[in-house]
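Asker: have a look at this prediction, sequence included:
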Amino acid sequence: MRGVPGLPLLAGAAMLALAACEPLPPGGAPLPQPPAPSDACGASGYKGLIGQPREVLNAMKFPIGTRVIGPDDAVTADYREDRLNIEYGSGGLIEKVSCF
């Protein structure tokens, strides 16, 4: 019985291509997925600030620990999902409101 020429080579290439699709760590367990963005700090309630000038924040009250972050401001790298962060750009407009 004679096989199809090149079939073993083609099958080997297909197996390599499939193996490259989904990397698995040692032990075969799937890689953990990053957590979905949290709204534990209530950032969704402040999304209306995006596009507003930074000065509007002066007349507002925010939860304790809220950070107002400018384009050149240094901030700590510790992650706290309950901390509200309001970021503004070099033009003075609020660009992002998030929890971290």
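Answerer: Right, received. Where do you want to start?

Asker: where does this protein dip in pLDDT?
Answerer: Judged against pLDDT under 70, the low-scoring parts of the chain cover residues 1-37.

Asker: all strands of it, in order?
Answerer: Counting by DSSP state E, residue ranges of the strands within the chain are 67-69, 84-88, 94-99.

Asker: nearest to Gly51, of those strands?
Answerer: If you check each of these against Gly51 by C-beta to C-beta, strand 94-99 wins as the nearest, at 6.7 Å. C-betas here are computed from N, CA, C, even on glycine.

Asker: buried stuff in stretch 74-83?
Answerer: Neighbour counts using 16 or more other C-beta atoms under 10 Å place Arg83 of stretch 74-83 among the buried residues.

Asker: OK, contacts around the closest residue to Cys41 other than its chain neighbours?
Answerer: Residue nearest to Cys41 in three dimensions, not counting chain neighbours: Cys99, with 3.7 Å by C-beta to C-beta, 6 or more residues apart in numbering. Contacts for Cys99 (C-beta atoms under 8 Å, 6 or more residues apart in numbering) come out as 37-43, 80-85.

Asker: most tightly packed of the strands of the chain?
Answerer: Burial among the strands of the chain, expressed as mean neighbours by mean count of other C-beta atoms under 10 Å, is greatest for strand 84-88, which shows a mean of 20.

Asker: also compute the angle for that strand relative to strand 94-99, please.
Answerer: In this structure, strand 84-88 runs at an angle of 160 degrees to strand 94-99, with axes from the mean of the first three to the mean of the last three C-alpha atoms, to 10 degrees as the basis.

Asker: neighbouring contacts of strand 84-88?
Answerer: By C-beta under 8 Å, 6+ apart, strand 84-88 touches 41-43, 46, 49, 54, 57, 62-63, 65-71, 75, 94-100.
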